[in-house]
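> With the sequence up front, the predicted model follows.
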Amino acid sequence: MKLYREKNYEAMSRRAANLMAAEIIKKPNCVLGLATGSTPVGVYRELVKKNREGDISFKEVETVNLDEYRGLSADHEQSYRYFMQTNFFDWINIRPEKTHVPDGLASDAEAECASYDALIASLGGADLQLLGLGRNGHIGFNEPGPSFIKETHVVRLTQNTIDVNARFFASADEVPREAITMGIGSIMAARRLLVVASGEEKADAVYQAICGPITPECQASILQLHHDVVFVCDEAALTKVYEAGGSLC
Ligand code: GLP
């Protein structure tokens, strides 16, 4: 495990964007696993800048997103497809057909999950998977629970996640109750994992992910078993890790 401790959100974003840009330069046709949430917004902004300045090209890049709310259409302002378009895809030279997000409106959700796994397999898995962390340690929408689920699956969101994500909706009632998420198997199969975290409200999740026991109660703790995982965090997100000695990492 490698840990970058950055001064603030901007520095975290630049560091993570540089690591992703390096991957694209090394392998122009790489497969990038992408994440949503407020944390990676700055990373995408930096990557857009690099693309516009001609430092990197997304022409041959293919992307697979981690998750999508069930019941939201691609043009719903809170859907993750909409998030990806407006924060990233619309601003870079990626081919639209090379961007993939689970279909939240699929009538047969099980079939959608199976075909998403088939798609990831057909691409040979992600070269680099970007991950944010839920405050409860979720990755994608893999929520705390009794087990790690390997495949893409439908998940019932926890009340904690609904409450936390309610800030993006008019009220908590409007937050979808279900989502489709890539499973822990596909995430762990990525050749490199890049986890970004910012702010004190993530300090506990970061501590549990990096230093805690490996347990499905903190889904991100399984990342400790990956052979190439990089955490890029700002100082606030690392407060608990450093209180505990820091050298643990
Ligand atoms: C959502 C997403 C996660 C993301 C998490 C944290 O629940 N499904 O992939 O990591 O939010 O979001 P934020 O970065 O806004 O704290």
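Yep, that arrived.
> And the strands in this protein, which stretches?
Under the criterion DSSP state E, strands of the chain are mapped to 2-6, 31-34, 62-65, 67-69, 99-100, 128-131, 153-156, 178-181, 192-197, 229-234.
> and the longest helix seen in the chain, C-alpha only, in CSV?
Ranked by residue count under DSSP state H, the longest helix found in the chain is helix 9-26. Only the C-alpha atoms of helix 9-26 are listed here, as CSV (Å, rounded to 0.1, in the frame of the first residue of the first chain):
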residue,chain,number,x,y,z
TYR,A,9,-8.4,19.0,-1.4
GLU,A,10,-6.7,20.8,-4.3
ALA,A,11,-3.4,19.0,-3.7
MET,A,12,-5.2,15.7,-3.3
SER,A,13,-7.0,16.3,-6.7
ARG,A,14,-3.8,17.2,-8.5
ARG,A,15,-1.9,14.2,-7.1
ALA,A,16,-4.6,11.7,-8.1
ALA,A,17,-5.0,13.3,-11.5
ASN,A,18,-1.2,13.1,-12.1
LEU,A,19,-1.3,9.4,-11.2
MET,A,20,-4.2,8.8,-13.6
ALA,A,21,-2.5,10.8,-16.4
ALA,A,22,0.6,8.7,-15.9
GLU,A,23,-1.5,5.6,-16.5
ILE,A,24,-2.9,7.1,-19.7
ILE,A,25,0.5,8.2,-21.0
LYS,A,26,1.9,4.7,-20.3
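> I'd like to know which elements it is packed against.
Taking 3 or more Cβ pairs under 8 Å, 6 or more residues apart in numbering; DSSP states H and E as contact, the helices and strands that helix 9-26 lies on are strand 2-6, strand 31-34, helix 41-52, strand 128-131, strand 192-197, strand 229-234. (Glycine included, C-beta is placed from N, CA and C.)
> could the ones you listed be laid out in JSON lines, adding mean neighbour count and mean pLDDT?
Shown next, in JSON lines, are the helices and strands packed on helix 9-26 (neighbours: other Cβ atoms under 10 Å; pLDDT from 0 to 100):
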{"stretch": "strand 2-6", "mean neighbour count": "17", "mean pLDDT": "97"}
{"stretch": "strand 31-34", "mean neighbour count": "24", "mean pLDDT": "98"}
{"stretch": "helix 41-52", "mean neighbour count": "19", "mean pLDDT": "98"}
{"stretch": "strand 128-131", "mean neighbour count": "26", "mean pLDDT": "98"}
{"stretch": "strand 192-197", "mean neighbour count": "25", "mean pLDDT": "98"}
{"stretch": "strand 229-234", "mean neighbour count": "24", "mean pLDDT": "98"}
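> Of all the ones you listed, which one comes closest to the ligand?
Among those, strand 128-131 comes nearest to the ligand, with 6.6 Å by Cβ to the nearest ligand atom.
> hang on, isn't Val41 packed against Val48?
No. The criterion here is Cβ atoms under 8 Å, and Val41 misses it with Val48 at 10.7 Å.
> rewinding a little: could you give the separation of the longest helix of the chain from the chain centroid?
14 Å (Cα atoms, centre = their mean, to the nearest Å).
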